[in-house]
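J.: How does the following fold in three dimensions:
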Amino acid sequence: MPGLGASFGRGAATNYQQDMANSDCILFMGSNMAEAQPVGFRWPMKAKEKGATLIHVDPRFTRMSAVCDVYVGIRSGSDIAFLGGLVNYVLANDRWFHEYVLAYTNASTIIEKGFEDSEDLAGLFSGFDPQDDSYDQKQGHWGYEDSGNGREMKLDGSEDAAQAKAGKGRCGLHGHGCDGNSKPHTSACNVGTEQRDPTLQHPHCVMQILRRHFARYTPDVVSQVCGCTKDEFLRVAELLCTNSGRERTTCIAYALGWTQHTTGVQTIRTAGILQLLLGNTGRPGGGIMALRGHSTIQGATDVSTLYDTLPGYLPQPAAYDHAHENLNSYIAHEGMPTGYWANFSKFIVSLLKAWYGDAATPENDFAFSWLPRVEDDYSQLAFFNRMAKGEVKGYFLTGMNPAGGGPNAGLHRAGLRNLEWLVVLDWFETESAVFWKNDPNGPPPSDIKTEVFFIPAAAAPEKEGSLTNTQRLIQWHNKAVDPIGDCRSDAWFLYNLGKRLKQLYAGSTDPKDQPLLNLTWDYDFDEQPRLPDGTLRRIQGEPDLEKVLMELNGHRVNEIDPRTGRPRLVSGYSELKDDGTTACGCWVYSGVFPEPGRNRANERKITEDSFQPDWGFAWPNNVRILYNRASADPEGRPWSERKKLVWWDYEKRSWVGLDKPDFELNKPPDYQPPADATGMAAHSLSSPSATDLGGCIRPELRTAHCRRTTNRSSRRWATCSIPNTRTTQRYVSSRDRSTTSHTHQQPNFP
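T.: Okay, the predicted model is just below:
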């Protein structure tokens, strides 16, 4: 989710569902949680029992509306204007959390002088190129004004990273990252040297640009655009302000009613701005709850099933990117000199070792050249458009039904008709499996040449594995019974398909076959497993998915655990190395399987601790509330006793609290980094850069959408949409002709 990634650093829900019981107010928009997530909805109801105010703003009056204290009906698609009005209300009435905003956002940062907002350019922003209908961040001066004494990263001896990122070709862009923005980064990579105005009066500081931009959303305009009354809007605005601050917190919850709009990124981004202004992020009962539509949507993007990212939100190398030609330049281009992303080389090298094992060596760049290169947009609509033109021969369809539930079923069916073959894995006959005979608008079945293979898949009780839900919580799902007949799990199908392909190409010396032949593919059970009733499983060839989870967790390549005779598992991603001695399939999951026999995703221990740290495993590092450094003031003291979460213990010289701190445990709040510091040493714990601290990893800034609509020169929270994401502001005028960046299809993502 690039809207959350651009605001906070990670494209994931900031809090966990149980924490909604600690809210003083909850605003639901684009969500019908009472019916769509009824189990989780018991936590907002607990908050209501304790006196919290529940607000539902939605075009429909549903069961969700009926149980809320306040319902406001708005026109479909007008959510972003309603949120813009809330931002303007907070600023115009001086209701923002001053100390919080100054400490933990970039409100005081000064933007380059050449930037111009939409009201200055008749609905466009500076940097728009009418010839190719796109924005150029560099020409638009969207970056931070630099003090001129920063540190520069080098790609090689002749060119610094700032020059490389300023625009040779389409560095690193692919997928929707190309939409409306053909060139990457804008500012020099001088980290921590941005000019600031702590008085917030400079006309080019983030706060002043924010004020000017959102001033248009007056209560009268909101009422006119959204169709609600002015009093209804003002009531919601006042409730949010009254229930935010030192003593109280408000949560915002959304679902597909936001993400499925073409302006979904901008809508979510505006909610992030609002929560930062009110001081609700990183605090109990606050944050943004991104309610998912399926059981492991978050996991699908973490691991990753998206075409343009690698597991752990590492960017998929691009075929046309000169900086992705070799491992060193890829690391220099995608990494950062400061913050936790300075460990980028450890993440990618460990991933390559997990995939290619002994074949990945320093001499061959750890097999970096074997990674597939992205050369075009392969998101769902773009790919089906290519399919409809006859440019795709075959397609595997697992757990999806585009012919019945896609965003353009007509296009999807047209694409399926032009395939030579289609493989459908599902546990019942979907519209996509029978599109050839069940399409009232299509040609007769005799005219369709697509050969369809329907593979009966196992249902949920008939398979095992992990599910990562909306709050980043990895939970293990145990198998209850064998699937009937010829039904097989998705994992069985993919694992055995991989085995057959490796057998088919065995002995080949062709260079293009080596990535497949050297791919680690050793997930067989050591002995035939048993069902819960003690009987042996009937299905042969099923992969041991705990071995897959152990690979995702990571291990030491050169150290054997005497308890298992297998490589020793790492306890977390802090142990990863870039010298080839560690392997890790998804660095953000590291810690989920820290030792033999301890699958933390399968732990179900309930204690008196309301955070339930022994129930499943939440990435990263089992942190339940992200960015929780912001729950304490710059001196490390809780903003209030009622809303305390983590704080600095002056006697223990350590951060302690109710949740696991989302940063370095022993770095004091008064730490000031030396001028030449790099990595985590470059960040203090009492400045806006606190969000870059250990555990707060910002992986989503590496995904296709927000990766190129953000300014990576400063990796910090942003209250203003200007430097950190173009898309938040682009709904303001119909004259803005650039292409809108979208979220990924569901499962969608950072």
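J.: doesn't R537 make contact with P529?
T.: Yes - with contact defined as C-beta atoms under 8 Å, P529 and R537 form a contacting pair (5.3 Å). C-betas here are computed from N, CA, C, even on glycine.
J.: Quick one: the strands in the stretch 401-550 of the chain, in order.
T.: Taking DSSP state E, counting those that start in this stretch as the test, the strands found in the stretch 401-550 of the chain are 421-426, 451-456, 465-468, 473-477.
J.: Sketch out the low-pLDDT regions of the stretch 551-700 of the chain for me.
T.: 686-700 (pLDDT under 70).
J.: remind me which residues of the protein are low pLDDT?
T.: Checking the chain against pLDDT under 70 turns up 1, 147-193, 686-750.
J.: show me the contacts for the residue sitting furthest away from the middle of it.
T.: When distances are taken from the C-alpha mean of the chain, S446 lies farthest, 44.3 Å away, according to C-alpha atoms, centre = their mean. Contact analysis of S446 by C-beta atoms under 8 Å, 6 or more residues apart in numbering lists nothing.
J.: go again using 10 Å as the cut-off
T.: For S446, the contact set (C-beta atoms under 10 Å, 6 or more residues apart in numbering) comprises W436.
J.: Identify the contacts common to P529 and R537.
T.: K479.
J.: neighbours around the nearest residue to Y495 once chain neighbours are set aside, how many?
T.: Excluding the flanking residues, the one nearest Y495 by C-beta to C-beta, 6 or more residues apart in numbering is P543, at 4.2 Å. Neighbour count for P543, taken as other C-beta atoms under 10 Å: 21.
J.: For stretch 476-489, C-alpha coordinates in CSV please.
T.: Below are the C-alpha coordinates for stretch 476-489, written out as CSV (Å, rounded to 0.1, in the frame of the first residue of the first chain):
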residue,chain,number,x,y,z
TRP,A,476,0.2,-21.1,11.1
HIS,A,477,-2.8,-23.0,9.7
ASN,A,478,-2.6,-26.7,10.5
LYS,A,479,-4.0,-29.4,8.2
ALA,A,480,-7.0,-31.3,9.5
VAL,A,481,-7.7,-34.0,6.8
ASP,A,482,-6.4,-35.2,3.5
PRO,A,483,-8.0,-33.8,0.4
ILE,A,484,-10.4,-36.1,-1.3
GLY,A,485,-9.7,-38.0,-4.5
ASP,A,486,-7.2,-36.3,-6.8
CYS,A,487,-7.4,-32.9,-5.1
ARG,A,488,-4.0,-31.5,-4.1
SER,A,489,-2.9,-28.4,-2.3
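J.: May I see the buried residues of stretch 446-463?
T.: I448, T450, V452, F454, I455, P456, A457, A458, E462, K463 (16 or more other C-beta atoms under 10 Å).
J.: you'd agree the fourth one is up against W421?
T.: Okay, so that is F454. No - F454 is not in contact with W421 according to C-beta atoms under 10 Å; the separation is 11.9 Å.
J.: all helices of the stretch 201-350 of the chain, in order?
T.: For the stretch 201-350 of the chain, the helices defined by DSSP state H, counting those that start in this stretch cover 206-214, 219-226, 230-242, 256-259, 264-278, 297-303, 327-334, 344-356.
J.: Kindly report the same for the stretch 451-600 of the chain.
T.: 490-504, 514-517, 545-553.
J.: any idea which of the ones you listed is most buried?
T.: helix 545-553 (a mean of 21; mean count of other C-beta atoms under 10 Å).
J.: now it: how far from the chain's centre is it?
T.: Relative to its chain's centre, helix 545-553 lies at 21 Å (C-alpha atoms, centre = their mean, to the nearest Å).
J.: Alpha carbons of that helix, in PDB - could you do that?
T.: What follows is helix 545-553, C-alpha atoms only, in PDB (Å, rounded to 0.1, in the frame of the first residue of the first chain):
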ATOM      1  CA  LEU A 545       6.100 -26.000   4.500                       C
ATOM      2  CA  GLU A 546       7.800 -25.600   7.800                       C
ATOM      3  CA  LYS A 547      11.100 -26.000   5.900                       C
ATOM      4  CA  VAL A 548       9.900 -23.200   3.600                       C
ATOM      5  CA  LEU A 549       9.200 -21.000   6.600                       C
ATOM      6  CA  MET A 550      12.600 -21.800   8.000                       C
ATOM      7  CA  GLU A 551      14.100 -20.700   4.700                       C
ATOM      8  CA  LEU A 552      12.200 -17.500   4.900                       C
ATOM      9  CA  ASN A 553      13.500 -17.000   8.500                       C
END
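J.: got the angle for it vs strand 473-477?
T.: With axes from the mean of the first three to the mean of the last three C-alpha atoms, to 10 degrees as the basis, helix 545-553 and strand 473-477 are set at 160 degrees to each other.
J.: list the helices and strands helix 545-553 packs on?
T.: In this structure, helix 545-553 makes packing contacts with helix 297-303, helix 344-356, strand 465-468, strand 473-477, helix 490-504, strand 566-569, judged by 3 or more C-beta pairs under 10 Å, 6 or more residues apart in numbering; DSSP states H and E.
J.: Same list (those) but as CSV, adding distance to G9.
T.: Conversion of the helices and strands packed on helix 545-553 to CSV gives the following (distance: least, C-beta to C-beta, whole Å):
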stretch, distance to G9
helix 297-303, 15
helix 344-356, 14
strand 465-468, 18
strand 473-477, 19
helix 490-504, 32
strand 566-569, 27
